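Q: attaching a predicted model along with its sequence, questions to come.
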Amino acid sequence: MRRVSRGGRIGAICAGFIFVILYYYSQNGIEAQTTQDQLTTSPAQSPVVTPAPIETPPAQTPSATEEEEHPQAFNYLPKTKMGYVDWVAAIKQGVIHPRDSLDPNAVTMKALDFNIIFKVNVSGLPDVVYPHYPHTLWLDCRNCHPSIFLMRAGANPVTMEKILKGEYCGRCHGIVAFPISDCFRCHSRPK
């Protein structure tokens, strides 16, 4: 199915990580702030920069002007409620027809239809559902296993911090797949 070279993935991960950090900071209104007494430090001391408090805005669907900007060629593709391209819907609706390989004789892997549940140890936050079906419509198992995810329950210590650093789900989400700011697409199983 779809394969990306290691160098291409690393470059995409770096670019995606920078995008995710900038997006996170812009969405949460984080700016560097200094106080007057910090500005009067001696030249030997560097001023201390204190981030502004993070305020969580109420959840809402972005207007058409706030939606993720896509190339004009993406206009015909279906969108999610958050305004991002819904690549799986595009496949299911027959709008696009990705090929498994450039080799016309390559054997096509059938999409796998099962879910993995990642338990979340935060009160009130839904558990994460990882659906194999939409991922295997696009990807061969070897894209993720064993280099990103070990195929053993409990062997992958996935955290949001690691995802933001481009590990685990962060290898694609926020780079080529919907951004991790669309929280409840993954955190979708009530406790």
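A: Noted; the coordinates are in hand.

Q: strands of this structure, start to end?
A: For the chain, the strands defined by DSSP state E occupy 32-33, 50-51, 115-118, 127-131, 187-189.

Q: Pro157: which of the ones you listed is closest?
A: Checking those against Pro157 by Cβ to Cβ gives strand 115-118 as the closest, at 10.5 Å. (Each C-beta comes from the backbone N, C-alpha and C, glycine too.)

Q: which parts of that closest one are buried?
A: Within strand 115-118, no residue counts as buried by 16 or more other Cβ atoms under 10 Å.

Q: in its sheet, what does it sit against?
A: strand 127-131 (antiparallel) (DSSP bridges).

Q: restrict the partner strand to CA atoms and write it as PDB.
A: What follows is strand 127-131 as a C-alpha-only set of coordinates in PDB (Å, rounded to 0.1, in the frame of the first residue of the first chain):
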ATOM      1  CA  ASP A 127     -10.900   6.600  26.000                       C
ATOM      2  CA  VAL A 128      -9.200   6.500  22.600                       C
ATOM      3  CA  VAL A 129     -10.500   4.300  19.800                       C
ATOM      4  CA  TYR A 130      -8.000   3.400  17.200                       C
ATOM      5  CA  PRO A 131      -9.900   2.100  14.100                       C
END
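
Q: tell me the mean pLDDT over it?
A: The pLDDT scores in strand 127-131 average 97.

Q: who's in contact with that strand?
A: Outside strand 127-131, the residues within contact range by Cβ atoms under 8 Å, 6 or more residues apart in numbering are Asn115, Ile116, Ile117, Phe118, Lys119, Val120, Cys186, His187, Ser188, Arg189, Pro190, Lys191.
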